[in-house]
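Visitor: any chance you can model this:
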Amino acid sequence: MIKLSYSTFGLTNLDFLRSIEEVDKAGYPGVELSFHRDQFNPFDITNEYLAAIKKKLESLEVTAACVSTASHFFTPQRPHEPSLMSPDLAGRKRRIDLVKRGIHVARALDVPLVTFGSGFIRDEHVSNPSVDPRELLVDSVHQCLNELRDDEDITLLIEPEPGMYIETLEQGMSLVDEVGSNRFQLHLDLNHNYCSETNYLEALGRAAKRAKFLHVSDSQEGYNLKLVKWADGLKMDLNFARYLIYFPESADYLLVDCDHPIYFHDELPDARQKKRIESILGSVNITTDPAFVDFKNLYAGQSPFESEIFVYLISVPGLTYDVLERARPIIIYLRSTKDRNGKLLMDKMVANTLTGIVHFHEIPGEGTMDFAASFKALTDNGFSGYASVELYHHVASWEKALNDSYKHLSQFV
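Guide: Reported below is the predicted structural model:
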């Protein structure tokens, strides 16, 4: 059986107690309590405030379903960092401490689930190949599990996410098996699974018995763009994605798109670089001459695409934040510039996923996900629990997001 829930991560402009009231008022049986720097900060929460939350929950019909330890916490521009697999022990300890604070909150409020993600492979991992991120992650999970008491019913959950080290459900189940504790299981996010599984319904069915909690939001196909550093032997598949290649020696970028290849530069490329560009494009049978765009002509201010580009850039592994940030005005340019036929160079939201589906949490019913089939695949294979709507892109329009989501999803449960 699936029961609907709503995450307070989508209500962060409200007082926290009021956010719980609004979820209850909208008719949801469950509420996910999500840490947030400004609303529900575990470093500021007192025992008195936890008692007030518990009293509020006892006065309402809604049940606290899960504590989310919130990936967007320490440094807003670098969410998910530091992670449980950061090479720096100090970084890992900060994330472990955050998860343990989630356990403390769950214990105080009688919440059975605490969730977190793995983190991304960052340039620090790439430049330190002797570091085994999986070994670090497994050790960190065990340290979090050690915080649990034998006499309490709390389970820790790992949430696979697009671009993360643990990205697919198969990877999530493999990690659960390696950790080997019945108090460490899976947290599925249907949006993430839609982005990361070539047949998401079959994958949901296989993972259902290991799953204890769901996140729910909608999504749709985007412009799949792989941002990579240039290296000899780089393989590209234009049926899978377009590529934005970064050249470290000049900090220039080449868009490999069969319709409109573009080279973004500070200085025009010399003969050697022009020959390399020609070779790269020729390797994927692009014969169109590239356009050349000077960086100083790119708009780098605020744009209507901020949320979309932010989510995209943080999902790209293995590159420094400076390399990612320098790509930001390029994507604004592609999203806002039309070709000679009046068509936008990038006419869909930018994606960095295994399927081309955009990792952007839309209101259920506004995308292309089949919720009826998804819920059926899960319940037919043993899942029972809460499906929590997570819409952190819709905080400003929270009333519409809260009510429209319930209206759409309640027909499937």
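
Visitor: residue 266 and residue 174, how far apart?
Guide: 44 Å (Cβ to Cβ, to the nearest Å). Where C-beta positions appear, they are placed from N, C-alpha and C, glycine not excepted.

Visitor: and residue 324, by the same measure?
Guide: 28 Å.

Visitor: looking at the two, which is more packed in?
Guide: residue 324 (19 against 13; other Cβ atoms under 10 Å).

Visitor: check the secondary structure at the more buried one for me.
Guide: helix (DSSP: H, G, I helix; E, B strand; the rest coil).

Visitor: my guess is it meets residue 318, correct?
Guide: No. In this structure residue 324 lies outside contact range of residue 318 using Cβ atoms under 8 Å: 10.2 Å.

Visitor: helices of the stretch 201-350 of the chain, residue ranges please.
Guide: 271-283, 306-314, 321-336 (DSSP state H, counting those that start in this stretch).

Visitor: closest to residue 36 out of the ones you listed?
Guide: Set against residue 36 and scored by Cβ to Cβ, the helices of the stretch 201-350 of the chain come closest in helix 306-314, at 16.4 Å.

Visitor: got the angle between the closest one and helix 321-336?
Guide: 140 degrees (axes from the mean of the first three to the mean of the last three Cα atoms, to 10 degrees).

Visitor: for the helices of the stretch 201-350 of the chain, which one sits closest to residue 181?
Guide: helix 306-314 (29.3 Å).

Visitor: give me the contacts around that closest one.
Guide: 78-80, 120, 163, 225, 303, 324-325, 327-328, 331-332, 335, 349-352, 358-360, 393 (Cβ atoms under 8 Å, 6 or more residues apart in numbering).

Visitor: pull out the buried residues from those.
Guide: Neighbour counting by 16 or more other Cβ atoms under 10 Å classes 79-80, 120, 163, 225, 303, 324, 327-328, 331-332, 335, 349-352, 358-360, 393 among those as buried.

Visitor: just say helix, strand or coil for the residue nearest the centre of the chain.
Guide: For the chain, the residue nearest the mean C-alpha position is residue 161 (5.0 Å; Cα atoms, centre = their mean). Following three-state DSSP, residue 161 is assigned to coil.

Visitor: residues contacting it?
Guide: Counted by Cβ under 8 Å, 6+ apart, residue 161 has contacts 117-118, 167, 189, 192, 315, 359.

Visitor: who wins for most neighbours among those?
Guide: Most surrounded of these: other Cβ under 10 Å gives residue 192, at 29 neighbours.

Visitor: what's the helix or strand harbouring that one packed up against?
Guide: Residue 192 belongs to helix 190-196 when assigned by DSSP states H and E. With contacts taken as 3 or more Cβ pairs under 8 Å, 6 or more residues apart in numbering; DSSP states H and E, helix 190-196 sits against helix 200-207, strand 211-216.

Visitor: least trustworthy helix or strand in this protein by mean pLDDT?
Guide: helix 123-126 (a mean of 90; mean pLDDT, DSSP states H and E).

Visitor: mind giving me the packing neighbours of whichever helix or strand comes after that helix?
Guide: Proceeding C-terminally, helix 123-126 gives way to helix 133-145 as the next helix or strand, assigned by DSSP H and E. Taking 3+ Cβ pairs under 8 Å, 6+ apart as contact, the helices and strands that helix 133-145 lies on are helix 89-109, strand 155-158, helix 169-179.

Visitor: could I get the average pLDDT for helix 133-145?
Guide: For helix 133-145, the per-residue pLDDT values average out at 98.

Visitor: in it, what's buried?
Guide: 133, 136-138, 140-141, 143-145.

Visitor: which among the helices and strands packed on helix 133-145 is found nearest to residue 54?
Guide: helix 89-109 (5.5 Å).

Visitor: from the contact counts, what lies against the closest one?
Guide: Using 3+ Cβ pairs under 8 Å, 6+ apart: helix 89-109 touches helix 47-58, strand 63-68, strand 113-116, helix 133-145.

Visitor: in stretch 266-273, what's buried?
Guide: 269, 273.

Visitor: so how far is that stretch off the chain centroid?
Guide: Taking Cα atoms, centre = their mean, to the nearest Å, one finds the center of stretch 266-273 at 36 Å from the center of the full chain.

Visitor: contact partners of that stretch?
Guide: By Cβ under 8 Å, 6+ apart, stretch 266-273 touches 247, 250-252, 263, 277, 292, 294-296.

Visitor: before we move on, what about stretch 239-249?
Guide: By Cβ under 8 Å, 6+ apart, stretch 239-249 touches 223-230, 234, 236, 252-257, 273, 280, 319, 323, 327, 330, 356.

Visitor: on that earlier part again, and the contacts of residue 161, which is the shakiest by pLDDT?
Guide: residue 315 (89).

Visitor: give me phi/psi at the nearest residue to that one once chain neighbours are set aside?
Guide: Spatial nearest neighbour of residue 315, chain neighbours left out: residue 163 (3.4 Å); criterion: Cβ to Cβ, 6 or more residues apart in numbering. Dihedral pair for residue 163: phi 90, psi -20, per degrees, to the nearest 10.

Visitor: who are the neighbours in contact with residue 163?
Guide: 120, 314-317, 352-353, 359.

Visitor: mind checking pLDDT for it?
Guide: 92.

Visitor: when you give positions from now on, start the count at 7
Guide: Okay, using 7 as the starting number, the last item reads as residue 169.

Visitor: that one and residue 60: what is the separation?
Guide: 36 Å.

Visitor: and if you look at residue 9?
Guide: From residue 9 over to residue 60 (counting by Cβ to Cβ), the distance is 20 Å.

Visitor: and what of residue 413?
Guide: 30 Å.

Visitor: model confidence at residue 84, what's the number?
Guide: Looking at residue 84, the pLDDT reads 83.
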